[in-house]
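A.B. asks: The following block contains a protein sequence and its predicted model.
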Amino acid sequence: MMGVRFASAFAVCLLLAMGARAMPADVTGRWETGNGKSHIEIRPCGEDRRCGQIVWLRTPVDERGEPKRDRNNDDSRLRQRTIVGLELMGDFAADDANEEWSGGWIYNPRDGQRYSAILKRRNADELLVRGFIGLRLFGKTQVWRRVADAPTAGKD
């Protein structure tokens with residue numbers, strides 16, 4: 001009898017533990033990219049999704065003093081968009097099983113291409129951002145750092 005109760009209790013605990021997956025840490029906020037040249041504001045968009053926009057550049061103007069533009073975009077109609085204000089990433093959904101935000105995309109203004117991406121908080125102040133083509137194996141990870149005191153524009 002004692003063995004049956006123990007086995008039943010163990011089974012219930014096991015089922016509860018399997019069903020109690022951790023929600024991935026939220027990624028909203030302002031983040032400095034790995035090279036320190038830009039800040040991205042990640043915010044909710046749509047139902048339970050996250051998107052990000054470039055809100056600051058260390059050097060926001062080109063050699064002519066004009067705002068930097070999305071000149072490398074494959075779509076010629078989009079090449080006049082300014083980099084500051086550009087939607088850099090989107091469609092990230094919580095992936096509870098892997099404790100990350102996945103299913104999203106990230107845009108690289110340097111080459112004008114969009115890549116699949118995942119986001120995962122390393123800790124409260126570091127975000128792992130992995131962009132890839134097809135399989136995650138074929139990609140690159142950057143560590144972004146949370147911005148405590150956000151500059152308003154250009155160099156501080």
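C.D. replies: Right, received. Where do you want to start? Numbering: from 1, shown residues only.
A.B. asks: In this structure, which residue is most central in space?
C.D. replies: Residue closest to the average C-alpha location in the chain (Cα atoms, centre = their mean): residue 119, at 4.4 Å.
A.B. asks: so it sits right up against residue 25, yeah?
C.D. replies: No. Using Cβ atoms under 8 Å, residue 119 is not in contact with residue 25; the gap is 9.6 Å. For glycine as for every other residue, the C-beta is placed from the backbone atoms N, C-alpha and C.
A.B. asks: so how far is residue 84 from residue 72?
C.D. replies: Look at residue 72 and residue 84: by Cβ to Cβ, to the nearest Å, they are 16 Å apart.
A.B. asks: If you count surrounding residues, which of these two has more?
C.D. replies: Set residue 72 next to residue 84 and count neighbours by other Cβ atoms under 10 Å: residue 84 wins out with 18 against 12.
A.B. asks: you'd agree the more buried one is up against residue 61?
C.D. replies: No. Using Cβ under 8 Å, residue 84 is not in contact with residue 61; the gap is 9.8 Å.
A.B. asks: Just give me the residues shared between the contact sets of the two.
C.D. replies: Counting by Cβ atoms under 8 Å, 6 or more residues apart in numbering, the residues touching both residue 84 and residue 61 are 67, 68.
A.B. asks: Right, I'll leave it there.
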